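Student: Pasting the sequence and the predicted model now:
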Amino acid sequence: MAGHSKWANIQHRKGRQDAKRSKLFSKLSKEITVAAKMGAPDPDMNPRLRLAVQNAKSQSMPKDNIDRAISKATAGEGDDYEEIRYEGFGPEGVGVIVEALTDNRNRTASEVRSTFTKNGGNLGETGSVSFGFDRVGLVDYNAEIGSEDEVLEAAIEAGAEDVRSSEEGHSIYCAAEDLNEVSNALQERFGEPNTAKLDWRPQNTIELGVEKAETMMRLYDALDDLDDVQNVYANFELDDEAAEALGG
């Protein structure tokens, strides 16, 4: 049960320090609208919508925003959105997976390809990266909800497969198809999580020094900043020197 990667720790702190709230809320709203469009507009009847709403609440998204995003689906908005996955490479062969929700496939593909190129990476073929990742469910909690042993015991009872705990928090992994059930069980025990979502978990990571890490983080942030991009995943972590230099 190893700890979080150093990159995850940095992203966690960075996200709390300088999160772009309007852009984050826009992405959360889009996911809620699409989830409501694909199933019932009632979170209790729609697991994907329930998780989307839960994640929005964990980011302090106002209830009015959440209700408005659901209403867009019932009003017919979101019909044109399609889910697209892009795969590419960063420095040192780091694998990158980009998930997008878009109403213009050509625009998004052009933006993603250009962002890779401008930031030291290159776009690959679908499947060129994802084979090195596992599709799993992820539930994240802050460290103070309980000890590593307490969380591990609760996670096993809930049907989870792995727990990674550190001073930053607890990451609980489960089979993708079990995410809703595991999340519900953990919420009954610990309250609402910080995150409950499907995740791409790397089977192996590539350790980067300061220079390559800076390049990789620029690429990651540039991709994440694109309006059509919902999530970015990469299989790297920072070596000790890079973690000290970049992690603060």
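Tutor: Okay, I see it.

Student: Mind giving me the packing neighbours of the longest strand seen in the chain?
Tutor: For the chain, the longest strand by residue count, based on DSSP state E, is strand 133-142. Counting contacts by 3 or more CB pairs under 8 Å, 6 or more residues apart in numbering; DSSP states H and E, strand 133-142 is packed against strand 169-175, helix 179-190, strand 195-202. Placement of C-beta: from N, CA and C, glycine included.

Student: Let me see the ranges of the helices in the chain.
Tutor: 6-18, 21-38, 47-58, 63-74, 105-118, 148-158, 179-190, 210-224, 240-247 (DSSP state H).

Student: Rebuild those helices as JSON lines, extending it with distance to residue 171 and mean pLDDT.
Tutor: Output for the helices of the chain, formatted as JSON lines (distance: least, CB to CB, whole Å; pLDDT from 0 to 100):
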{"stretch": "helix 6-18", "distance to residue 171": "8", "mean pLDDT": "52"}
{"stretch": "helix 21-38", "distance to residue 171": "20", "mean pLDDT": "88"}
{"stretch": "helix 47-58", "distance to residue 171": "14", "mean pLDDT": "89"}
{"stretch": "helix 63-74", "distance to residue 171": "25", "mean pLDDT": "91"}
{"stretch": "helix 105-118", "distance to residue 171": "27", "mean pLDDT": "97"}
{"stretch": "helix 148-158", "distance to residue 171": "10", "mean pLDDT": "95"}
{"stretch": "helix 179-190", "distance to residue 171": "12", "mean pLDDT": "94"}
{"stretch": "helix 210-224", "distance to residue 171": "18", "mean pLDDT": "94"}
{"stretch": "helix 240-247", "distance to residue 171": "18", "mean pLDDT": "81"}
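
Student: right, and these - which one's nearest residue 126?
Tutor: Of all the helices of the chain, it is helix 105-118 that lies closest to residue 126, at 11.4 Å by CB to CB.

Student: May I see the buried residues of that closest one?
Tutor: 108-109, 111-112, 115-116 (16 or more other CB atoms under 10 Å).

Student: Residue 47 touches residue 177, doesn't it?
Tutor: No: using CB atoms under 8 Å, residue 47 is not in contact with residue 177; the gap is 10.1 Å.

Student: Which one of these two is surrounded by more residues?
Tutor: Neighbours were counted for residue 47 and for residue 177 using other CB atoms under 10 Å; residue 47 has more, 16 against 10.

Student: show me what contacts that one?
Tutor: 39, 179-180 (CB atoms under 8 Å, 6 or more residues apart in numbering).

Student: Next: residue 142.
Tutor: Counted by CB under 8 Å, 6+ apart, residue 142 has contacts 169-170, 194.

Student: Try it again at 7 Å.
Tutor: By CB atoms under 7 Å, 6 or more residues apart in numbering, the contact list for residue 142 reads 169, 194.

Student: so how far is residue 167 from it?
Tutor: 10 Å (CB to CB, to the nearest Å).

Student: about what we covered before: out of the helices and strands packed on strand 133-142, which comes closest to residue 154?
Tutor: Among the helices and strands packed on strand 133-142, helix 179-190 sits nearest to residue 154 (CB to CB), with 5.0 Å.

Student: can I get the CA coordinates of the longest strand of the chain in PDB?
Tutor: Taking Å, rounded to 0.1, in the frame of the first residue of the first chain, the C-alpha atoms of strand 133-142 are listed here in PDB:
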ATOM      1  CA  PHE A 133      -3.000   1.900 -17.700                       C
ATOM      2  CA  ASP A 134      -5.900   0.200 -15.900                       C
ATOM      3  CA  ARG A 135      -9.400   1.600 -16.000                       C
ATOM      4  CA  VAL A 136     -10.500   1.700 -12.400                       C
ATOM      5  CA  GLY A 137     -12.800   3.500  -9.900                       C
ATOM      6  CA  LEU A 138     -11.100   6.000  -7.600                       C
ATOM      7  CA  VAL A 139     -12.500   7.500  -4.400                       C
ATOM      8  CA  ASP A 140     -10.300  10.100  -2.600                       C
ATOM      9  CA  TYR A 141     -10.600  11.300   1.000                       C
ATOM     10  CA  ASN A 142      -8.600  13.600   3.200                       C
END
